[in-house]
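>>> could you look at this predicted model? Sequence included:
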Amino acid sequence: MKKIITILLVGMLLASCKTDSKSVEQPLDGYIISGTAPGVYNGIRVYLKSNDQRGKMITRDTAVVMNERFTFDGKIVNPEVWLLSGNSIKGTLPIIVENKAISVELNKDNIRASKISGTKANEDLIAYEAKVQDISTKRNQLGGQIRTAANAEEKNKLTAEYAELNKQVSEMPINYIKEHPKSLYAMVLIDKLMSQRDTDFNQVTELFDGLDSSLTNSKFGSDVKAKLDAVKRQREALSATEIGKVAPKFTAPTPDGKQLALDDALGKVTIIDFWAAWCGPCRRENPNVVKVYNKYHSKGLEIIGVSLDGTSRQKDPKDAWTKAIEQDKLTWNHVSNLSYFNDPVARAYNIRSIPATFILDENGTIIAKNLRGADLEAKISELLD
């Protein structure tokens, strides 16, 4: 009797698990993507790929097809859209990877016709991509009709229709996010919008704030918000250093440990020169800067060198900094927090690469930037000769 009861309990538990798996997305400690691949030979590799922060396509995970099946498993911090592809399969299939169980029925002849199930986010992705594909098909058809239009009137009409379709595509992410505030895919779209150069970040902030709290309060939501705030700060810093703006004020340590403020170092013309001892292009440019300084210092030119030394590869960043100043004969003012690109001054000026220069007038207004070589000397000559 005891054995029978045990069997019944196990059966009930299995039945319960089976029912739950169909009705509720099961959060896991990592992702499990179970795939079927009819017609795909044993040994064929399939991949999950995505773009890294520099836009380079990299492989995130690899699996091998055996008996027309494959499995990916791993762990991801936040949901991301990756691309599923295979060695003998044309094209790629977008898939939202999150720490849940996901199933894929791979169509080797038309990968976009593959089926993804197991998560609501992928259902939303598939529906969205279907609309995009529908518009793309219409655009391709219109493109052919425009090329073979019988007259200018017909061509103009078709061109206007084509432009309207382009507008629909550009507005799709915005409209989707507004209409689906509870969809995880809406958050994925916001994350994607932030990587586009022409994004209106005030609009993106409004879209984020309009999402359901279940999304904005999630780990993914917190990370997207942090990224959004960081990008907004970068844009604001970039705007603050446009030509015609007053240069951001700063005070920073000199090599002897004193504090030097920008206002105390301004000349009739001032160059703020971002550089570092480890930076080859900076060191190669230094002789030209020395030449310009020696020629125009007596006429009112001042230079403030802001060093971005402090990389972890330097054993003694301050020693490298001061030795480079001496070796290159840089006899002007110098400051540095020895914090690499995290230097507060570099962050205030949105410095992403060096050498970088800003030329200020006597009032501290930016009048030119990022001039090197002959162009730098020509500009200083124009201002002081």
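Perfect, I can see it now. Numbers count the residues shown, from 1 in each chain.
>>> only C-alpha atoms for contact and neighbour calcs from this point on.
Fine.
>>> can you list contacts of stretch 303-311?
Applying Cα atoms under 8 Å, 6 or more residues apart in numbering, the external contacts of stretch 303-311 come out as 265, 270-278, 293, 317-318, 320-321, 332-341, 343, 345-346.
>>> buried subset of those?
270-278, 293, 317-318, 320-321, 334-341, 343, 345-346 (16 or more other Cα atoms under 10 Å).
>>> out of those, list just those in strands.
Cross-referencing the buried ones among the contacts of stretch 303-311 against strands under DSSP state E gives Thr270, Ile271, Ile272, Asp273, Phe274, Trp275, His334, Val335.
>>> average pLDDT for stretch 264-274?
Here stretch 264-274 scores 96 as its mean pLDDT.
>>> what about it, distance to the chain center?
Computed by Cα atoms, centre = their mean, to the nearest Å, the chain-centroid distance of stretch 264-274 equals 33 Å.
>>> how long is that stretch from one end to the other?
End-to-end distance for stretch 264-274, by Cα to Cα, to the nearest Å: 18 Å.
>>> just the helices in the stretch 251-385 of the chain please.
For the stretch 251-385 of the chain, the helices defined by DSSP state H, counting those that start in this stretch cover 280-296, 317-327, 344-348, 373-384.
>>> count of neighbours near Leu360?
27 (other Cα atoms under 10 Å).
>>> if we can go back for a sec, spatially, which two of the ones in strands among the buried ones among the contacts of stretch 303-311 are the most separated?
Spanning the widest gap among these are Thr270 and Trp275, at 15.6 Å by Cα to Cα.
>>> adding distance to Val97, write the ones in strands among the buried ones among the contacts of stretch 303-311 out as JSON lines.
Formatted as JSON lines, those follow (distance: Cα to Cα, whole Å):
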{"residue": "Thr270", "distance to Val97": "51"}
{"residue": "Ile271", "distance to Val97": "49"}
{"residue": "Ile272", "distance to Val97": "45"}
{"residue": "Asp273", "distance to Val97": "44"}
{"residue": "Phe274", "distance to Val97": "41"}
{"residue": "Trp275", "distance to Val97": "41"}
{"residue": "His334", "distance to Val97": "49"}
{"residue": "Val335", "distance to Val97": "46"}
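>>> for the residue nearest the centre of the chain, which three-state class applies?
Centroid-nearest residue in the chain, with Cα atoms, centre = their mean: Ser195, separated by 4.6 Å. Per DSSP: H, G, I helix; E, B strand; the rest coil, the local secondary structure of Ser195 is coil.
>>> one more: Ala160?
helix.
>>> quick one: contacts for it?
Applying Cα under 8 Å, 6+ apart, no residues contact Ala160.
>>> kindly report the domain assignment for the chain.
Listed by automatic domain parsing, the domain ranges of the chain are 25-117, 125-240, 251-384.
>>> ok, the residue nearest to Asn51 when sequence neighbours are not counted - how many residues close by?
Taking Cα to Cα, 6 or more residues apart in numbering, and ignoring the residues beside it in sequence, Asn51 has Met57 as its nearest neighbour in space, at 4.3 Å. Using other Cα under 10 Å, Met57 has 12 neighbouring residues.
>>> for Met57, give me its contacts.
Per Cα under 8 Å, 6+ apart, neighbours of Met57: Lys49, Ser50, Asn51.
>>> cool, Glu362 as well?
Glu362 neighbours (Cα under 8 Å, 6+ apart): Leu266, Gly267, Lys268, Val269, Thr270.
>>> let's have the contacts of Met57 in CSV, adding pLDDT and neighbour count.
Shown next, in CSV, are the contacts of Met57 (pLDDT from 0 to 100; neighbours: other Cα atoms under 10 Å):
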residue, pLDDT, neighbour count
Lys49, 94, 19
Ser50, 90, 19
Asn51, 82, 14
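>>> adding distance to Ala121 and secondary structure, write those out as JSON lines.
Listed next are those as JSON lines, based on distance: Cα to Cα, whole Å; DSSP: H, G, I helix; E, B strand; the rest coil:
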{"residue": "Lys49", "distance to Ala121": "18", "secondary structure": "strand"}
{"residue": "Ser50", "distance to Ala121": "18", "secondary structure": "strand"}
{"residue": "Asn51", "distance to Ala121": "20", "secondary structure": "strand"}
